[in-house]
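Novice: fold the stuff below for me.
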Amino acid sequence: MPRTFEEELKRFEKAIHRLSSLALFPKKLEVKGVENFVHQGPNIIVGNHVGSYKDVAVLFKTVPRPIFFTANKMIFSKEDFSFLVRKHLYRSMKNFGLVIHFLLSPFFSFVVRYISSNIAKVGYIPVDLYTGRAEAVRKCQEYLKQGRAIIALQGRGHFVDADPNPYVSPFRHGAAVMAFNLYKEDKLDVPITPLAIFGTHIPFGVPATVQVNVGRPLFISQYWTESRSSQTIENFRRALEKTVNNLFMELLRNR
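Specialist: You can find the predicted model right below:
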């Protein structure tokens with residue numbers, strides 16, 4: 001009998017912990033509001049996303065239950081993933097990043113091969129960023145009906161100075177749409193846990209403190225408008241974005 005995704009995550013638990021610690025080295029991690037995490041049943045976790053793979057590492061080390069991500073489908077291919085790693089290093093450190101990639105080529109090749117060959121086994125959901133996300137949304141809804149926790153980070157995974165708010169990008173409608181569909185069709189009021197992350201935009205290998213601020217769950221039933229479904233989705237999307245913005249500003253004030 002094939003293993004469940006939860007069983008596979010358990011089997012890879014030590015490797016995930018080591019890779020997560022390596023991704024954040026030598027940064028410290030501080031978490032506020034950990035009591036607000038939902039420990040069982042369906043849950044969507046939304047947050048800002050400027051730290052690429054470091055955000056994923058933070059969540060693996062922070063969320064106290066098995067979690068499932070959507071991921072660029074290129075990560076499922078060794079060749080495409082290798083291209084993304086090289087692109088990320090160049091974007092973060094310019095030509096020095098390419099030198100690092102060359103000097104540590106055997107290490108990066110091992111990591112890319114290990115992750116790309118195992119990522120599907122632990123339930124990651126591939127997303128084609130160019131042809132739409134409808135299939136990924138449908139798969140996420142299936143996971144939620146099975147009582148799983150889905151991660152829906154908002155942003156491009158990197159820091160852009162020119163953005164009006166470079167730390168918290170405008171939220172997409174995906175999480176709100178999933179919550180709407182499940183409440184309307186299945187009467188399932190999925191809690192959505194908002195969180196803000198600061199510090200993962202700092203390049204790998206640079207000492208820093210990564211801070212996480214976890215808020216109380218929000219429910220789409222609190223924003224339901226009987227007359228217009230699109231208004232319900234938009235109201236909830238705005239509420240999620242505003243909440244994460246507020247959590248992020250709270251992190252900055254307390255630094």
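Novice: so how far is the lowest-mean-pLDDT helix or strand in the chain off the chain centroid?
Specialist: One helix or strand of the chain scores below all others by mean pLDDT, DSSP states H and E: helix 78-103, with a mean of 79. Relative to the chain's own centre, helix 78-103 is displaced by 21 Å; criterion: CA atoms, centre = their mean, to the nearest Å.
Novice: other SSEs contacting it?
Specialist: Contact analysis of helix 78-103 by 3 or more CB pairs under 8 Å, 6 or more residues apart in numbering; DSSP states H and E lists helix 105-118 as its packing neighbours. Using the backbone N, CA and C atoms, a C-beta is placed for each residue, glycine as well.
Novice: what's the angle from the least confident helix or strand of the chain to helix 105-118?
Specialist: For helix 78-103 and helix 105-118, the angle between their directions (axes from the mean of the first three to the mean of the last three CA atoms, to 10 degrees) works out to 160 degrees.
Novice: report the central residue of the protein.
Specialist: By CA atoms, centre = their mean, the mean C-alpha position of the chain lies nearest to residue 153, the distance being 4.0 Å.
Novice: I figured that residue hits residue 48, correct?
Specialist: Yes - taking CB atoms under 8 Å as the contact criterion, residue 153 and residue 48 are neighbours in contact, 7.3 Å apart.
Novice: now do the buried residues in the least confident helix or strand of the chain.
Specialist: Of the residues in helix 78-103, those scored as buried under the neighbour-count criterion (16 or more other CB atoms under 10 Å) are 81, 82, 84, 85, 86, 88, 89, 92, 93, 97, 100, 101.
Novice: surely the fifth one meets residue 99?
Specialist: No - here residue 86 does not reach residue 99: they are 11.6 Å apart, not a contact under CB under 8 Å.
Novice: that older thread, of the buried residues of helix 78-103, closest to residue 146?
Specialist: Lowest distance from residue 146 to the buried residues of helix 78-103 (CB to CB) belongs to residue 81, with 27.3 Å.
Novice: residue contacts, the closest one?
Specialist: Contacts of residue 81 were listed using CB atoms under 8 Å, 6 or more residues apart in numbering, and they are 74, 75, 112, 115, 116.
Novice: tell me the SS of the second one?
Specialist: Remark: residue 75 carries the secondary structure label helix [criterion: DSSP: H, G, I helix; E, B strand; the rest coil].
Novice: okay, now it: neighbour count?
Specialist: When neighbours are counted by other CB atoms under 10 Å, residue 75 registers 21.
Novice: could you find the closest non-adjacent residue to it?
Specialist: residue 81 (4.9 Å; CB to CB, 6 or more residues apart in numbering).
Novice: can you give me the helices in the protein?
Specialist: Remark: helices assigned in the chain by DSSP state H are 5-11, 13-24, 53-62, 78-103, 105-118, 134-145, 174-186, 229-253.
Novice: tell me what angle the third one forms with helix 13-24.
Specialist: Here helix 53-62 runs at 130 degrees with respect to helix 13-24, directions being taken by the same axes, to 10 degrees.
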